[in-house]
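Participant: Give me a 3D structure for the following:
(chains A and B)
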Amino acid sequence: MGIVAGVLAVAAGAFFEVRPPEAYGVCMACHGRDLVNWTINRFAHTHLTVAPASLVYPVLTTIGVLLGALLGAKTSGEFRWRSPDNSFKTFFYGILVMNSALLAGGCSIRLLLRAAAGEALGMIGFAGMVAGVILGTLWLRWRAAR
Amino acid sequence: MIAAVATLVIGVIVGYLGQRSRMCFVGGIRDFILVRDAYLLKGLIAFGITAWLSFPLAGLGVSRGPLPFALSDAITVVLTIIGGFGVGYVSTLANGCPLRQHVLAAQGTTSSIAYLAGFLIGAVIFHAWIAPLLFRMLP
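Facilitator: As a prediction, this is how the structure comes out:
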């Protein structure tokens, strides 16, 4: 999975015009942002920020991932409705993650992609993300241990 | 147009593989710390190494890349660290990176669908209010 995704992410930027900006092949946050803002711009005539790659037509990675995962879940019989977590809480987590991701200029995937492309800011952001994950995990463990 | 179609196809492939392999860019580090399970971490490392190897092959050496918005270097670095930290920390609390949440939502997990709603609304919030606010507050 990791190898295929890595090849696809680079190929998207190199051969399928998913740039500028550089190292933009796969990113759940930025592509979701592009899709939403493009749609709003289109119908409400606003001027929310959209990456140059998706000025004319938006990138559709998020929809593709949803369709692909739905396909995988249906074919393997893993699809079923359930709610393991409080929806209200995850809604806020979603807002927080999206804002942090746009601040850093990429979600976890694109931070790694940028670091792999040799971009200093990407490496800094990825290091910050790893620190965040480690602290978050320790916090979860500490809370579970109490 | 090519970009839109290509990303749709790539998204389907990544989504399918992500569903089959439970790929998660946050879960790898989390599982390794919690239970020393390196299965997801291998995917993360494989992604990084593959991308690192294929960027030179594809002729896309990036020296100075895109910034979220034009600010002086020190502030951009600080914002990137804060943003990266926020992504990691909150993703861990939310039980998965954005890719994993998309996959879970497609599997019928309602809390992940709520997460996606917040995710997409968050994009509008960021560009409508937070980015202009930062522009005004910072030099």
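Participant: All the helices of chain A, residue numbers only.
Facilitator: Listed in chain order, the helices of chain A (DSSP state H) span A:2-15, A:28-44, A:61-76, A:87-104, A:108-116, A:120-145.
Participant: residue of chain A with the smallest distance to chain B?
Facilitator: Chain B sits closest to residue A:64 of chain A, with a gap of 1.9 Å, by Cβ to the nearest Cβ. Where C-beta positions appear, they are placed from N, C-alpha and C, glycine not excepted.
Participant: Give me the neighbour count for that residue.
Facilitator: Number of residues near residue A:64 (other Cβ atoms under 10 Å in any protein chain shown) recorded here: 25.
Participant: and the residue of chain B found nearest chain A, what helix or strand is that in?
Facilitator: Among the residues of chain B, residue B:11 lies closest to chain A, at 1.9 Å counting by Cβ to the nearest Cβ. Per DSSP states H and E: residue B:11 is located in helix B:2-21.
Participant: Show me what the following helix or strand past that helix packs onto, helices and strands only.
Facilitator: Per DSSP H and E, helix B:2-21 leads on to helix B:27-35 as the next helix or strand towards the C-terminus. Applying 3 or more Cβ pairs under 8 Å, 6 or more residues apart in numbering or on different chains; DSSP states H and E, we find helix B:27-35 packed against helix A:120-145, helix B:39-57.
Participant: In helix B:27-35, which residues are buried?
Facilitator: B:27-33 (16 or more other Cβ atoms under 10 Å in any protein chain shown).
Participant: how's the chain carved up into domains?
Facilitator: Since you didn't name a chain, this refers to chain A. Residue ranges for each domain of chain A read A:1-81, A:84-146, as given by automatic domain parsing.
Participant: let's do chain B instead
Facilitator: Taken from automatic domain parsing, chain B resolves into B:1-64, B:66-139.
Participant: now the residue of chain B closest to chain A, nearest residue through space, not along the chain?
Facilitator: Excluding its sequence neighbours, the residue lying closest to residue B:11 (Cβ to Cβ, 6 or more residues apart in numbering or on different chains) is residue A:64, at 1.9 Å.
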